[in-house]
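Student: sequence first, predicted coordinates after that:
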Amino acid sequence: ETGVTQSPTHLIKTRGQQVTLRCSSQSGHNTVSWYQQALGQGPQFIFQYYREEENGRGNFPPRFSGLQFPNYSSELNVNALELDDSALYLCASSPVIAGGPGELFFGEGSRLTVL
Amino acid sequence: GESVGLHLPTLSVQEGDNSIINCAYSNSASDYFIWYKQESGKGPQFIIDIRSNMDKRQGQRVTVLLNKTVKHLSLQIAATQPGDSAVYFCAENRNAGNMLTFGGGTRLMVKP
């Protein structure tokens, strides 16, 4: 167990709808990252939040957005869902952002199916 | 574009044998590499990491080797056990911000 919790674990949406996924980071971790993992592929970096600000972003369109709250928990929002958005969405927390990379602690993921 | 990739998508080994999972990377600027294990229905689990100023690092039953000359990374698992069956990913970090680029994964199957 990593201490990173995500909700919901599974959900089904239809094209054009919007979805919000939630993540509680491990205690003391101030950085949260989100990854998209399509079936049979490796995770792809979406974005990272540090001190409630987006700190970095991968190659994802603006309809993917996020938030980080003062307690370091985070949300991932996806608007105008497309079929290709069907994937496992992983949240990962880490204790520091400066001074070099460190271990990421992943949650179990939220599996989104878009019909 | 530059990416991290794996040579073998599936590796089948006998219980008790040693396993070697390989990974090629193309970004010479990457300074940190990590191996993750992902079991079915779970998130990736950290196994071992190595920084670019090292060529070998050992953990419990696992060893990571880094060959910067040929941009190659490998994970060695000693005395492979059924519980080692999973998909293994290598990942690289190109900056200090922990924004990882993952490879496509290798499925390790351990036969009893």
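Tutor: Received it, and whenever you're ready, just let me know what you need.
Student: give the contact list for the nearest residue to residue A:63 once chain neighbours are set aside.
Tutor: By the measure of Cβ to Cβ, 6 or more residues apart in numbering or on different chains, the closest residue to residue A:63 outside its immediate chain neighbours is residue A:79, 4.3 Å from it. For the C-beta atoms, the positions are set from N, CA and C on the backbone; glycine is no exception. With Cβ atoms under 8 Å, 6 or more residues apart in numbering or on different chains as the criterion, the residues that contact residue A:79 are A:18, A:63, A:65.
Student: closest to chain B among these?
Tutor: If you rank the contacts of residue A:79 by distance to chain B using Cβ to the nearest Cβ, residue A:65 comes first, at 17.0 Å.
Student: show me what counts as buried in stretch A:63-82.
Tutor: For stretch A:63-82, the buried set under the neighbour-count rule, 16 or more other Cβ atoms under 10 Å in any protein chain shown, comprises A:64, A:65, A:66, A:68, A:72, A:73, A:74, A:75, A:76, A:78, A:81.
Student: if you average pLDDT over that stretch, what comes out?
Tutor: Along stretch A:63-82, the predicted confidence averages to a pLDDT of 96.
Student: and stretch B:95-111, anywhere near chain A?
Tutor: Yes - using Cβ under 8 Å from any Cβ of the partner chain, a contact is recorded between stretch B:95-111 and chain A, made by B:95, B:96, B:97, B:98, B:99, B:100, B:101, B:102, B:103, B:104, B:105.
Student: where along chain A do the strands fall?
Tutor: Taking DSSP state E as the criterion, chain A contains strands spanning A:5-7, A:10-13, A:19-24, A:31-37, A:44-50, A:53-57, A:64-68, A:74-78, A:87-94, A:105-106, A:110-114.
Student: mind putting those in JSON lines, distance to chain B included?
Tutor: Formatted as JSON lines, the entries for these read as follows, by distance: least, Cβ to the nearest Cβ, whole Å:
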{"stretch": "strand A:5-7", "distance to chain B": "8"}
{"stretch": "strand A:10-13", "distance to chain B": "10"}
{"stretch": "strand A:19-24", "distance to chain B": "11"}
{"stretch": "strand A:31-37", "distance to chain B": "7"}
{"stretch": "strand A:44-50", "distance to chain B": "5"}
{"stretch": "strand A:53-57", "distance to chain B": "5"}
{"stretch": "strand A:64-68", "distance to chain B": "14"}
{"stretch": "strand A:74-78", "distance to chain B": "14"}
{"stretch": "strand A:87-94", "distance to chain B": "5"}
{"stretch": "strand A:105-106", "distance to chain B": "4"}
{"stretch": "strand A:110-114", "distance to chain B": "9"}
